[in-house]
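# Model the structure of this input:
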Amino acid sequence: MESPLLRIPEVVARLGVSRAKVYEFMASGDLRSVRVGGSRRIRVEDLDQFIAGLDDAWPRGAYARRPVSSRG
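Numbering: from 1, shown residues only. Below is the predicted model:
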C-alpha cells in the first residue's frame, strides 16, 4: 500500500523538477505540505490537486512561436 504522504525526493521525481523548485512551490503556497517531525511531507491528494491546477495557471501562448518579421 502506498503511503498517503510523499517525501520531497518522491515529489521531485513525480514532477520532474528540482528539489529547490519543489521548495519554491511550497513556500509560495502553491503546493501544500505538512511537517512530520523535522521533515516536510506532501499529501498525495495535494500533489494531485497541484498537478491538476497547472494547466489553469499556465499562461496561454507563453512559448508560442513569434512571427518572423521580414525586413525588406
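# Please make it C-alpha for all contacts and neighbour counts, starting now.
Fine.
# neighbours of the closest residue to residue 8 other than its chain neighbours, just the number please.
Residue nearest to residue 8 in three dimensions, not counting chain neighbours: residue 41, with 6.6 Å by C-alpha to C-alpha, 6 or more residues apart in numbering. Per other C-alpha atoms under 10 Å, the neighbour tally for residue 41 reads 19.
# same thing with residue 13?
Look at residue 13: counted by other C-alpha under 10 Å, it has 11 neighbours.
# residues contacting residue 30?
Neighbour list for residue 30: residue 50 [criterion: C-alpha atoms under 8 Å, 6 or more residues apart in numbering].
# now the helices for this structure?
For the chain, the helices defined by DSSP state H cover 8-15, 19-28, 44-57.
# Tabulate those (TSV), appending mean pLDDT and distance to residue 36.
Output for the helices of the chain, formatted as TSV (pLDDT from 0 to 100; distance: least, C-alpha to C-alpha, whole Å):
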stretch	mean pLDDT	distance to residue 36
helix 8-15	97	12
helix 19-28	96	15
helix 44-57	87	15
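# out of these, nearest to residue 37?
Closest to residue 37 of these is helix 8-15 (C-alpha to C-alpha; 14.2 Å).
# now what about the closest one, what contacts it?
Counting by C-alpha under 8 Å, 6+ apart, 18-19, 22, 40-42, 47 sit against helix 8-15.
# I'd like to know which of those are buried.
22, 40-42, 47 (16 or more other C-alpha atoms under 10 Å).
# Could you single out the nearest of the residues you listed to residue 7?
residue 41 (5.1 Å).
# Show me the beta-bridge partners of the closest one.
Beta bridges link residue 41 to residue 34 when assigned by DSSP bridges.
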